[in-house]
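Novice: just coords:
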């Protein structure tokens, strides 16, 4: 049993703290947000993530998971201190380390006698471990090590990813820290998946490189999809054809309206910025970002063309607001870009999302919200699908046809079969596949 503090109770911090408690450790999570901490103490999970509520409730009841706003209280009783703090992108694309370095400065005064391991769990640029070490060393009187331990959590699968990781990456030059970190993670890799030890800088770069490569696969496939539409090919067939090559793999090859969320956009941007600081022009990732920016609104020209270039007075239903299913995260969600474009053209929007509506409401978007998918369709001229939630995959097409005035669907996630939509009499536009066009309104 390890005594652990997790500083930051956002997405990464709450998942990390809860899952570490699940393997018998004593975990205390710290946050400056008193309102959030009070909710967590009372048993309210403050983010939406499948399976997290079950583990959270169990460990809270069994006394292994605790919450506080008192940083000193948490640090003095812990040996391992995870930093799970935000690293938002700055105006120039670089990761903002002010939260991490600010906490590191405070921690220095609290490292007095017992040995501590400070663990960077946040996604941080190369060289951050050294900066954290320097900030701590300025005031610390006791022994400590700084370790880079990047997270590889997929929103919607974060609990599964933490409890059964493909790999655990640990960057440290300290044998003492290495032994303790190995003991901590052994319960999570009993099936034989590796714990990969490396230097701190390599660990930091591994996280950025992994996310940037996945983002590259997505943008590449979206480019292929756009080409398919121009030359009359079917992207579904192409995807299956190349995905069967084991060197390529079938994951992250589904075309759509671009990637979003808290990781890919800022991590790609931060890696490009880091490369620039090293006088290296990362041309591939520049292209990835450009393609993704265009892809987010790829449906808008199709919508305008279908309605003869005039969207003023048109009313659209929108299914999906979060950047992906099984999360309430709307950061960099393509739906937001499409909403802004439709509103700018004089259209109106009523949206439904199983989890993301409250977060969009906080943005003050001038749209309406519906309690279920079918009420969102009332009096609509067309449906725009932005997120591939399971509830949208097998809908009542008869009810949809009765509510959508022009029986038109713009599907940004390729949820339905083109042949099926043709048989049902819908005008149907998707990504990288043949469009079904009916007479224009």
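Specialist: Thanks, I have it. Remember, predicted model here, so these are calculated numbers, not experimental data.
Novice: any idea where the strands of the stretch 201-350 of the chain begin and end?
Specialist: 315-319, 348-352 (DSSP state E, counting those that start in this stretch).
Novice: okay, the angle between the last one and strand 315-319?
Specialist: I take that to be strand 348-352. Using axes from the mean of the first three to the mean of the last three C-alpha atoms, to 10 degrees, the inter-axis angle of strand 348-352 relative to strand 315-319 is 20 degrees.
Novice: and whatever helix or strand comes next after strand 348-352, what does it pack onto?
Specialist: Counting by DSSP states H and E, the next helix or strand C-terminal to strand 348-352 is helix 357-363. Here helix 357-363 touches strand 368-369, going by 3 or more C-beta pairs under 8 Å, 6 or more residues apart in numbering; DSSP states H and E. In short, each C-beta sits where N, CA and C put it, glycine included.
Novice: residue ranges with poor pLDDT in the chain?
Specialist: Under the criterion pLDDT under 70, the flagged ranges of the chain are 439-441.
Novice: Domain parsing of it, as residue ranges.
Specialist: Domains of the chain are assigned by automatic domain parsing as 3-198, 207-295, 299-429.
Novice: What degree of burial does residue 24 show, as a neighbour count?
Specialist: Each residue near residue 24 was counted by other C-beta atoms under 10 Å, and the total is 12.
Novice: let me redo that: residue 116
Specialist: Neighbour count of residue 116, defined by other C-beta under 10 Å: 25.
Novice: Also residue 371?
Specialist: By other C-beta under 10 Å, the residues close to residue 371 number 9.
Novice: Next up, the contacts around it.
Specialist: By C-beta atoms under 8 Å, 6 or more residues apart in numbering, the residues touching residue 371 are residue 352.
Novice: so it, which of the three states?
Specialist: Classification of residue 371 using DSSP: H, G, I helix; E, B strand; the rest coil returns coil.
Novice: what does residue 414 give?
Specialist: coil.
Novice: Could you double-check that it lies in contact with residue 254?
Specialist: Yes: if you go by C-beta atoms under 8 Å, residue 414 and residue 254 touch, sitting 7.1 Å apart.
Novice: which residue packs closest to residue 142, ignoring adjacent ones?
Specialist: The shortest distance from residue 142 to any non-neighbouring residue, by C-beta to C-beta, 6 or more residues apart in numbering, is to residue 111 (4.6 Å).
Novice: Residue 138 - how many residues pack around it?
Specialist: Residue 138: 11 surrounding residues under other C-beta under 10 Å.
Novice: Wait, it touches residue 105, no?
Specialist: Yes: here residue 138 reaches residue 105: they are 7.4 Å apart, a contact under C-beta under 8 Å.
Novice: returning to what we had before: deepest-packed of the strands of the stretch 201-350 of the chain, please.
Specialist: Highest mean neighbour count among the strands of the stretch 201-350 of the chain (mean count of other C-beta atoms under 10 Å): strand 315-319, with a mean of 25.
Novice: That one packs against which elements?
Specialist: Applying 3+ C-beta pairs under 8 Å, 6+ apart, one finds that strand 315-319 contacts helix 334-344, strand 348-352, helix 373-376, strand 382-385.
Novice: Return the most buried member of the ones you listed.
Specialist: Ranked by mean neighbours (mean count of other C-beta under 10 Å), these are led by strand 382-385, with a mean of 25.
Novice: Neighbouring strands - and their directions - for that strand?
Specialist: strand 315-319 (parallel), strand 408-411 (parallel) (DSSP bridges).
Novice: And the contacts of it?
Specialist: Strand 382-385 is contacted from outside by 299, 303, 306-307, 314, 316-320, 338, 342, 377, 392, 400, 404-406, 408-413, 415, using C-beta under 8 Å, 6+ apart.
Novice: Likewise for stretch 63-71?
Specialist: Taking C-beta under 8 Å, 6+ apart as the rule, stretch 63-71 contacts 7, 9, 17-18, 21-22, 24-34, 37, 40-41, 56, 59, 74, 103, 106-107, 110.
Novice: Just the buried ones from the residues you listed?
Specialist: Using 16 or more other C-beta atoms under 10 Å as the burial test, these include 7, 9, 17-18, 21-22, 25-31, 37, 40, 56, 59, 74, 103, 106-107, 110 as buried.
Novice: Looking at those residues, which are in strands?
Specialist: 7, 26, 27, 28, 29, 30 (DSSP state E).
Novice: so who does the third one touch?
Specialist: The one in question is residue 27. Contacts of residue 27 by C-beta under 8 Å, 6+ apart are 4, 5, 6, 17, 18, 20, 21, 59, 64, 65, 66.
Novice: From the contacts of strand 382-385, list the buried ones, please.
Specialist: Buried members of the contacts of strand 382-385, scored by 16+ other C-beta under 10 Å, are 299, 303, 306-307, 314, 316-320, 338, 342, 377, 392, 400, 404, 406, 408-413, 415.
Novice: just so I know, which of the domains of the chain lies nearest residue 435?
Specialist: The closest of the domains of the chain to residue 435 is domain 299-429. By C-beta to C-beta, the value is 4.9 Å.
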